[in-house]
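*Asks:* Could you work out the structure for the sequence below:
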Amino acid sequence: MKYNKLVRDNIPEIIERKGDTPTTHVAGDEEYWKKIKEKLQEEVDEFMEDASMEELADILEVIDTICEYRGFDKNELMAIKEKKAKERGGFKKRIILDES
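*Replies:* Residues are numbered from 1 along each chain as shown. Take a look at the predicted model:
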């Protein structure tokens, strides 16, 4: 089966334990960045199908990977999130904008 997608670090070993032989390569910077973004979309799509904590945890794992790869400080990320929430609000009031 062909995949051509970013997988978790232990997946090749898991495949080998099942008796199969994975074909892999290590991505360079450009390919890695592209595949991280594809993985984020994949995980969001999976969450849309199954809004479970497990799927949400997968999204967080990709976000952590993005932060590490891009050198984003998680505390700074949270500060930006909080600033936006303070200025523009969150989504707790369930407001749907119909027209403007």
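*Asks:* Find the residue at the geometric middle of the chain.
*Replies:* Val62 (2.9 Å; Cα atoms, centre = their mean).
*Asks:* what residues are up against the nearest residue to that one once chain neighbours are set aside?
*Replies:* Leaving aside its chain neighbours, Val62 sits nearest to Leu40 (4.7 Å; criterion: Cβ to Cβ, 6 or more residues apart in numbering). C-beta here means a position set from N, CA and C on the backbone, and glycine is covered the same way. Neighbouring residues of Leu40 by Cβ atoms under 8 Å, 6 or more residues apart in numbering: 59, 62-63, 66.
*Asks:* In JSON lines: these, plus distance to Ala51 and secondary structure.
*Replies:* Listed next are those as JSON lines, based on distance: Cβ to Cβ, whole Å; DSSP: H, G, I helix; E, B strand; the rest coil:
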{"residue": "Ile59", "distance to Ala51": "11", "secondary structure": "helix"}
{"residue": "Val62", "distance to Ala51": "16", "secondary structure": "helix"}
{"residue": "Ile63", "distance to Ala51": "17", "secondary structure": "helix"}
{"residue": "Ile66", "distance to Ala51": "21", "secondary structure": "helix"}
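*Asks:* May I ask which of the residues you listed has the most neighbours?
*Replies:* Using other Cβ atoms under 10 Å as the neighbour criterion, Val62 leads these with 19 neighbours.
*Asks:* Enumerate every residue touching it.
*Replies:* Val62 touches 36, 39-40, 43, counting by Cβ under 8 Å, 6+ apart.
*Asks:* cutoff 10 Å now
*Replies:* 6, 36-44 (Cβ atoms under 10 Å, 6 or more residues apart in numbering).
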